[in-house]
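> make a model of this:
(4 chains)
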There are 4 protein chains.
Amino acid sequence: MGKVVRFGVSIEADLLKKFDQLIESAGYKSRSEAFRTLIRERLVQKEWKDPEKETIGILGLVYSHDIRELTETLNNIQHQYIDTIVSSTHIHLDYHNCLEVIILRGKSRNIKAIADKLLSTRSVKDGKLLQTTTGSELD
Amino acid sequence: MGKVVRFGVSIEADLLKKFDQLIESAGYKSRSEAFRTLIRERLVQKEWKDPEKETIGILGLVYSHDIRELTETLNNIQHQYIDTIVSSTHIHLDYHNCLEVIILRGKSRNIKAIADKLLSTRSVKDGKLLQTTTGSELD
Amino acid sequence: MGKVVRFGVSIEADLLKKFDQLIESAGYKSRSEAFRTLIRERLVQKEWKDPEKETIGILGLVYSHDIRELTETLNNIQHQYIDTIVSSTHIHLDYHNCLEVIILRGKSRNIKAIADKLLSTRSVKDGKLLQTTTGSELD
Amino acid sequence: MGKVVRFGVSIEADLLKKFDQLIESAGYKSRSEAFRTLIRERLVQKEWKDPEKETIGILGLVYSHDIRELTETLNNIQHQYIDTIVSSTHIHLDYHNCLEVIILRGKSRNIKAIADKLLSTRSVKDGKLLQTTTGSELD
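Residues are numbered from 1 along each chain as shown, chains lettered A, B, ... in the order given. Below is the predicted model:
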């Protein structure tokens, strides 16, 4: 965690009020804690702008296994990227629907390319990529 | 999947051009496929606006297990919501950093409340909630 | 954990020696700790003898996704038992091989029946059921 | 899968009868399918006898997160072996009990050593190592 420094911030009263409401509804213990989170969020966004940076993505896919060969197609695509895909968790949502949560680790451009390939597969109902971080450059 | 209907769309040439570029970079096979995705995305957003709707969230957390009691605090919080938390996958990213991917199923307001509680825990480096769907109302 | 009681045990010197070697190679801190483990193992075995008892199984499957429709068949079987299957983690082992780790919760006879169905699927390379417990009756 | 050969087997009538009962209760479609399984099981056992062989283990642990620092201790041990531990799935069984399913990939002696270290941790209620395979040498 390292040494903690303290400094003052000047901010419009209205904006601070909105920030405090935000903090309260999200459950942060203090302005400092919430402010640290804002900074870290920006740093993670910055990491994702460098296409060569090693990072972590989480891809969520919802689809119906009733669609012929869809399960197989999605599995086959994933097997082409075994260096980037760490693991994949499958939840059988109901008799028809599947949730697949794929954890990817690698260069951000590779993660994005694999995500695009899976998300654009015909008949995938919903799919999104959550962009997070290896945490190695965040304190 | 049901019956497929076909209809015409009027759209500014410039906007269509941008849409086509978007489609190409994302790898969609056709405008229809990409358009279906846009509609489904909106439907999932709408599901999340109803606080009582049953839906699926995926929460990604990155933190250091060096922080005393953080692992334990996060686990204890989760155990209070065992009806909503389906599973949690932990990847040991490096000697210090952990990735935790938590799958939640329940009313959207409950998922949001649990996510807020975990995300606002002191020393969590990065955390985001991906809002997806049970798929039961999407074709 | 409850109150700790202490009692004496009579045992052949030779058997005790072997027990001590076992303890040392397995890394237990004390005979008491190792002895507690032996008792708990028996209790879990007993739980699995009652077909109506709620318990936990972990099924590991290794197969090649090159076999046509095998991924699909295994997924379809699992979808018939969504009340018992909690989650399924898929690791892409190499270009051909898949590991699937399925967590099951339910009556031991149901878990066994689902496991048999998946394990006897043609072309599954290796498959085993690990029988564990909900822990609710173990201190 | 390769070429299929056919050959005859001589076997005591009584033993064959028991084998057929076994096959039936386990749901195998044919004697050949069940026989292939027996051979593969032996090959996996043989893989695990070579301490330097790369293989796959699945470790199931049940414990109570009420025990002070147990969650943390188990996480800390795992972080020392990030090259061998692929992922870890956590199911919150009830308000007290946790199931942790750890997937390990590496030399069989390393997998066994890590498993022993986790299994011998004080207060782990139940723990077992399932020994499977990378599948790369099995057809």
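> and the top helix by length along chain A, which residues are buried?
Assignment by DSSP state H gives helix A:31-49 as the longest helix of chain A. Neighbour counts over helix A:31-49 (16 or more other C-beta atoms under 10 Å in any protein chain shown) mark A:33-34, A:36-37, A:40, A:44, A:47-48 as buried. Any C-beta I mention is one placed from the backbone N, CA and C, and that applies to glycine too.
> over to stretch A:88-97?
Counting neighbours by 16+ other C-beta under 10 Å, one finds that the buried residues in stretch A:88-97 are A:88-93, A:97.
> same question, stretch A:4-21
Buried-residue list, stretch A:4-21, by 16+ other C-beta under 10 Å: empty.
> ok, and what's touching it?
With C-beta atoms under 8 Å, 6 or more residues apart in numbering or on different chains as the contact definition, stretch A:4-21 has outside contacts at A:31, A:34.
> how about stretch A:32-52?
A:19, A:22-23, A:26, A:28, A:53, A:55, A:107-109, A:131-133, A:137-138, B:119-120, B:122, B:125-126.
> what's the closest of the buried residues of stretch A:88-97 to chain B?
Of all those, chain B sits closest to A:N97, with 3.7 Å by C-beta to the nearest C-beta.
> just give the closest residue to that closest one, not the sequence neighbours.
B:G135 (3.7 Å; C-beta to C-beta, 6 or more residues apart in numbering or on different chains).
> can you tell me the element the one you found falls in?
Per DSSP states H and E, B:G135 falls between elements, in no helix or strand.
> show me the contacts for it.
A:62-64, A:93-94, A:96-99, A:125-126.
> ok so, going back, and the next helix or strand after the longest helix of chain A, how far out from the chain middle?
Moving toward the C-terminus from helix A:31-49, the next helix or strand (DSSP H and E) is strand A:54-64. The chain centroid and the centroid of strand A:54-64 are separated by 8 Å, computed with C-alpha atoms, centre = their mean, to the nearest Å.
> quick one: mean pLDDT over the longest helix of chain A.
Across helix A:31-49, pLDDT averages out at 87.
> so how far is that helix off the chain centroid?
On C-alpha atoms, centre = their mean, the centre of helix A:31-49 falls 14 Å from the chain's centre.
> quick one, that helix and strand A:54-64 angle?
Counting by axes from the mean of the first three to the mean of the last three C-alpha atoms, to 10 degrees, helix A:31-49 lies at 80 degrees to strand A:54-64.
> so which of the contacts of B:G135 sit within strands?
A:62-64, A:97-99, A:126 (DSSP state E).
> who wins for neighbours among these?
Within the ones in strands among the contacts of B:G135, most neighbours by other C-beta atoms under 10 Å in any protein chain shown means A:Y63, with 26 neighbours.
> who's it bridged to?
A:C98 (DSSP bridges).
> list the contacts for it?
A:70-71, A:74, A:97-98, A:100, A:123-125, B:135.
> can you give me the pLDDT of the residue of chain A positioned farthest from its centre?
Distance to the chain centre peaks in chain A at A:A13, reaching 32.8 Å (criterion: C-alpha atoms, centre = their mean). If you check A:A13, the pLDDT there is 85.
> please report how far it lies from A:F19.
Per C-beta to C-beta, to the nearest Å, A:A13 is found 11 Å from A:F19.
> that older thread, make a PyMOL selection of whichever of the contacts of stretch A:32-52 turn out to be buried.
Remark: buried members of these, expressed as a PyMOL selection using 16+ other C-beta under 10 Å:
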select buried, (chain A and resi 23+28+53+55+108+131+132+133+138) or (chain B and resi 119+120+125+126)
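> which of the contacts of stretch A:32-52 fall in strands?
A:55, A:107, A:131, B:126.
> show me what A:G106 is bridged to.
A:T55.
> try A:S87
The partner residues for A:S87, given DSSP bridges, come to A:I103.
> need the contact list for it.
By C-beta under 8 Å, 6+ apart, A:S87 lies in contact with A:102-103, B:89, B:91, C:89-91, D:86-87, D:103.
> between the buried residues of stretch A:88-97, which sits nearest chain D?
A:T89 (7.0 Å).
> which stretches of chain A have low pLDDT?
Along chain A, segments meeting pLDDT under 70 span A:1-2.
> what's the domain layout of it?
For chain A, the structural domains run A:13-49, A:54-131, going by automatic domain parsing.
> quick one on the thing from earlier: next one: phi and psi at the residue nearest to A:N97?
Backbone torsions of B:G135, given as degrees, to the nearest 10, read phi 80, psi -10.
> re earlier: how about the buried residues of stretch A:88-97 in CSV, adding distance to B:Y81?
Shown next, in CSV, are the buried residues of stretch A:88-97 (distance: C-beta to C-beta, whole Å):
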residue, distance to B:Y81
A:S88, 24
A:T89, 18
A:H90, 22
A:I91, 16
A:H92, 21
A:L93, 19
A:N97, 22
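> which ones among those map onto helices?
Short answer: the buried residues of stretch A:88-97 have none in helices (DSSP H).
> widest-spaced pair of the buried residues of helix A:31-49?
Using C-beta to C-beta, the pair of the buried residues of helix A:31-49 lying farthest apart is A:E33 and A:W48, separated by 23.4 Å.
> mind putting the contacts of A:S87 in CSV, distance to A:A115 included?
Formatted as CSV, the contacts of A:S87 follow (distance: C-beta to C-beta, whole Å):
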residue, distance to A:A115
A:I102, 9
A:I103, 12
B:T89, 18
B:I91, 17
C:T89, 19
C:H90, 17
C:I91, 19
D:V86, 21
D:S87, 19
D:I103, 23
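> quick check, nearest of those residues to A:I114?
Of the contacts of A:S87, the one sitting nearest to A:I114 (C-beta to C-beta) turns out to be A:I102, at 8.4 Å.
> now what about stretch A:118-128, what contacts it?
Contacts of stretch A:118-128 (C-beta under 8 Å, 6+ apart): A:59-64, A:67, A:70, A:73-74, A:77-78, A:97, A:102, A:115, A:129, B:1, B:26-29, B:33-34, B:37, B:40-41, B:44, B:130-133, B:135, B:138-139.
> next, the distance between the ends of it.
10 Å (C-alpha to C-alpha, to the nearest Å).
> and what of stretch A:24-31?
10 Å.
> looking at chain A, which residue is nearest chain D?
Proximity of chain A to chain D (C-beta to the nearest C-beta) peaks at A:S87, 4.2 Å away.
> measure that residue to B:N97 for me?
16 Å.
> swap in A:I102?
A:I102 is 19 Å from B:N97, by C-beta to C-beta.
> once you drop chain neighbours, what's closest to A:T89?
A:V101 (4.6 Å).
> secondary structure element holding the one you found?
Per DSSP H and E: strand A:97-107 holds A:V101.
> mind checking how far that strand is from the chain centre?
Its chain's average C-alpha position is 10 Å from that of strand A:97-107, according to C-alpha atoms, centre = their mean.
> any idea of the angle that strand forms with strand B:97-107?
Going by the same axes, to 10 degrees, strand A:97-107 makes 160 degrees with strand B:97-107.
> could you say what helices and strands strand A:97-107 packs with?
Other helices and strands packing on strand A:97-107, by 3 or more C-beta pairs under 8 Å, 6 or more residues apart in numbering or on different chains; DSSP states H and E, are strand A:54-64, helix A:70-79, strand A:85-92, helix A:108-119, strand B:85-92, strand B:97-107.
> can you state the direction angle for it and strand A:85-92?
For strand A:97-107 against strand A:85-92, the angle by the same axes, to 10 degrees is 170 degrees.
> now do strand A:97-107 against helix A:108-119, angle only.
Using the same axes, to 10 degrees, strand A:97-107 lies at 160 degrees relative to helix A:108-119.
> can I get strand A:97-107 in CSV, CA atoms only?
Extracted as CSV, the C-alpha positions of strand A:97-107 are listed here (Å, rounded to 0.1, in the frame of the first residue of the first chain):
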residue,chain,number,x,y,z
ASN,A,97,-30.5,-21.3,-21.9
CYS,A,98,-26.7,-21.4,-21.1
LEU,A,99,-24.5,-18.9,-19.5
GLU,A,100,-20.8,-19.1,-20.3
VAL,A,101,-18.3,-16.9,-18.4
ILE,A,102,-14.9,-17.0,-20.1
ILE,A,103,-11.8,-15.6,-18.4
LEU,A,104,-9.2,-14.3,-20.8
ARG,A,105,-5.6,-13.2,-20.1
GLY,A,106,-3.4,-11.6,-22.7
LYS,A,107,-2.8,-8.6,-24.8
